[in-house]
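Colleague: Would you be able to build a 3D model of this:
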Amino acid sequence: MSDGGGSAADALDDEAERRRRGRNPGGSRTAGRRPTPEERAAKREAERLERQQRKDAEAKAQAAATAAAAAAVGEKTHGRGQMEPPADPPQEERRGGTRPRPKAIPFYPDPPDEDFLWQVTEAGASRQERIPHTAVLRLALRRLAEEMTPSDVVRELGGPVQSTGKRGRPRK
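Modeller: Numbers count the residues shown, from 1 in each chain. Coordinates of the predicted model:
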């Protein structure tokens, strides 16, 4: 056998190897493949667990801050050295649980609000994007939550407190 035949086969093998590497950088067969549904589900589950852990850590930090604030309030004394009594727990805690959330929250926009939602839809259509009304509402609620507390919202939207008088429809 001559060296010329062996080197030609080696050259062909080298060329084929270079072509394979050119299509798939690094020569890995799994470099460009799509993840399987099981891998995607595992990744989503890992992301969900990470979000839950962050949420739990934030809740613990909030509880610690609330406890520290309550301790600071509890240390205040009245004129004769007596400790201030602790505040009553919220009504949901007194009942032994939290109130269940409603399945759906109806939204009935006023005509100016509805016009604004349609303007957002038209602006999105001009950019070839579909912006659902619920996304606009979520954005508005997030911004409202950044600017106001729930009690501020109640104070802003609620009317004067009715301390006396009849409630409901008058009887005949």
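Colleague: for this protein, what are the low-confidence residue spans?
Modeller: 1-6, 22-32, 72-97, 161-166 (pLDDT under 70).
Colleague: Now do the helices for it: every range, in order, please.
Modeller: Assigned by DSSP state H, the helices in the chain fall at 3-23, 37-74, 91-94, 111-126, 133-147, 150-157.
Colleague: Columns distance to residue 169 on top of those, output as JSON lines?
Modeller: Where you see a C-beta, it was placed from the backbone N, CA and C, and this is true even at glycine. Converted to JSON lines, the helices of the chain look like this (distance: least, Cβ to Cβ, whole Å):
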{"stretch": "helix 3-23", "distance to residue 169": "78"}
{"stretch": "helix 37-74", "distance to residue 169": "42"}
{"stretch": "helix 91-94", "distance to residue 169": "27"}
{"stretch": "helix 111-126", "distance to residue 169": "28"}
{"stretch": "helix 133-147", "distance to residue 169": "32"}
{"stretch": "helix 150-157", "distance to residue 169": "23"}
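Colleague: Dump the ones you listed to TSV, plus distance to residue 168 and mean neighbour count.
Modeller: Listed next are the helices of the chain as TSV, based on distance: least, Cβ to Cβ, whole Å; neighbours: other Cβ atoms under 10 Å:
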stretch	distance to residue 168	mean neighbour count
helix 3-23	77	10
helix 37-74	37	10
helix 91-94	22	9
helix 111-126	29	12
helix 133-147	31	11
helix 150-157	21	10
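Colleague: which one of those lies closest to residue 100?
Modeller: Among the helices of the chain, helix 91-94 comes nearest to residue 100, with 10.6 Å by Cβ to Cβ.
Colleague: and residue 172, which of the helices of the chain is closest to it?
Modeller: Closest to residue 172 of these is helix 150-157 (Cβ to Cβ; 32.2 Å).
Colleague: residues making contact with that closest one?
Modeller: 144, 148 (Cβ atoms under 8 Å, 6 or more residues apart in numbering).
Colleague: For residue 103, which of the helices of the chain is the nearest?
Modeller: Among those, helix 133-147 comes nearest to residue 103, with 14.9 Å by Cβ to Cβ.
Colleague: So what does residue 108 have for phi and psi?
Modeller: Note on residue 108: backbone dihedrals following degrees, to the nearest 10 are phi -120, psi 90.
Colleague: let's have the chain start at 307 instead
Modeller: Right, with 307 as the first residue, what we last looked at is residue 414.
Colleague: okay, now it: neighbour count?
Modeller: Counted by other Cβ atoms under 10 Å, the residues lying close to residue 414 total 6.
Colleague: Noted, bye for now.
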